[in-house]
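*Asks:* Show me the folded form of this:
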Amino acid sequence: MSAILKAVEPDHDIHALMLGLGQAARKAARALSLASADQKNAALMAAAAALRARAPEILAANALDVVDAKARGTVGSFIDRLTLDAARIEAMANGVEDIAALPDPVGRVLETFTRPNGLEISRVATPLGVIGVIYESRPNVTADAGALCLKAGNAAILRGGSESFRSSGVIHACLVDGLRHAGLPDAAISRVPVSDRAAVGEMLKGLGGTLDVIVPRGGKSLVARVQDEARVPVFAHLEGIVHIFVHAAADLERAKTIVLNSKLRRTGICGAAETLLVDQACAATCLAPLVGMLLDAGCGVRGDDATRQIDTRVTPAVEDDWRTEYLDSIISVKVVNGLDGAVDHIETYGSHHTDCIVTEDRAAAEAFLREVDSAIVLHNASTQFADGGEFGFGAEIGIATGRMHARGPVGVDQLTSFKYMVRGTGQVRG
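*Replies:* Numbering: from 1, shown residues only. Just a heads-up that it's a prediction; the model follows:
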């Protein structure tokens, strides 16, 4: 394991190192764009097998990462995202196999039409090229991002967080095992071999024109830096300030189940609910049961004046609470004036990630789904379904919250572009 995880020497030239990674990835991208679906799938299946075979090695590396994180006083929700166990490694392997089972997105004919002059024009899906993925604590992103990029015919340069440096190193080695099994270049999935933050700066500059797009996956400060400094296109994965609105026509028992799962199933994921909005019209019957349920389950509640009157355990919410992604067992709660009040609150404080309405009123649900401008909007379902795997994408690189090219879970289809193929019979333009 030490050979795999050894970083370059401290006096390395970061610029030269990163430029070399970019050049090698650009060359690999050419090979990948021509690789068959069978060859890419063989690499993915072999990588999944390597993840299972090398599980003890991954767990040993991860244990060291977790010990270091705890020694730094890292919060529990962060530790949860960092920690791997046998079940999570199996889930990683299954995710890679699920990606292999997806239809090949490259070469799909998206549209075909014939012009009056007889020219036949087809719009055909093509790889983006070289994708840089910058992420923080979750080591499983190494497997997800590498596999998704490979399936879509893209070369990937992965820069994981220093917190998961050892874990990501072994996982990346498993992906390389798969590439070699299928006769694809190692540089098809590269990993930045240093934790120096200067490497991120080099990626944001574009690696000498070899990087086509950057996908940041992490906290607000990381995404803000990428958006501010990147000289290449960015698929932004902003924070998940996720809302659940319990409408006047909500079924209380259904609402309780959805709210509890959305908040506490896993608090450290971007689809976890962070704000609960309760319709003023049902607050008398719904607010106390919902707040009491959360408090009894160990969730801290920060509430407005109406919510504080329900239970003395509720602490006062301040303005910043409505804009906070807790990623922990904390939720903010507010009573709002109907559907319009909920939509206004979400548009004011939300991050355009994921938002949900709980109601038995179909018209109200459709209005919410139409009016809330988020990448994912749900009716009567947990916000923790905001996940590429749950969408049938196999996995995801992140949830894109922008409006250009990719939005929502970024899976293999979103990691392609297109070109026009024009077929003629000798036509010339007059």
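
*Asks:* Check whether A255 sits in a helix, strand or coil.
*Replies:* Assigned by DSSP: H, G, I helix; E, B strand; the rest coil, the conformation of A255 is helix.

*Asks:* thought it was touching C286?
*Replies:* Yes - between A255 and C286 there is a contact under C-beta atoms under 8 Å: 6.6 Å. Just so you know, the C-beta spots here come from the backbone N, C-alpha and C atoms, and that holds for glycine as well.

*Asks:* Now for those two: what residues contact both?
*Replies:* The contact sets of A255 and C286 overlap at V246 (C-beta atoms under 8 Å, 6 or more residues apart in numbering).

*Asks:* was I right about G183 contacting D38?
*Replies:* No - counting by C-beta under 8 Å, G183 stays clear of D38, with 11.3 Å between them.

*Asks:* start to end distance for stretch 302-317?
*Replies:* End-to-end span of stretch 302-317 (C-alpha to C-alpha, to the nearest Å): 5 Å.

*Asks:* Direction included, what does the helix or strand where Y420 lies pair against?
*Replies:* Assigned by DSSP states H and E, Y420 belongs to strand 416-423. Strand pairing for strand 416-423, determined by DSSP bridges: strand 120-127 (antiparallel).

*Asks:* And stretch 304-312, what's buried?
*Replies:* Buried residues in stretch 304-312, counted by 16 or more other C-beta atoms under 10 Å: D304, T307, R308, I310, D311.

*Asks:* What is the end-to-end distance of it?
*Replies:* End-to-end distance of stretch 304-312 (C-alpha to C-alpha): 12 Å.

*Asks:* which residues touch it?
*Replies:* So stretch 304-312 is in contact with 283, 287-288, 291-292, 295, 301, 303, 314-317, 333-335, going by C-beta under 8 Å, 6+ apart.

*Asks:* Could you check how far it is from the centre of its chain?
*Replies:* Centroid displacement of stretch 304-312 relative to its chain, using C-alpha atoms, centre = their mean, to the nearest Å, is 35 Å.

*Asks:* for this protein, which spans come out with low pLDDT?
*Replies:* For the chain, the stretches flagged by pLDDT under 70 are 1-12.

*Asks:* 80 - rerun?
*Replies:* 1-12, 76-77, 137, 218-221, 223, 236-239, 394-396, 398, 402-406 (pLDDT under 80).

*Asks:* Would you mark the buried spots in stretch 185-194?
*Replies:* Buried, per 16+ other C-beta under 10 Å, within stretch 185-194: P185, A187, A188, I189, S190, R191, V192, P193, V194.

*Asks:* dump the residue contacts of the second one.
*Replies:* Neighbouring residues of A187 by C-beta under 8 Å, 6+ apart: L21, A24, A25, K27, A28, A155.
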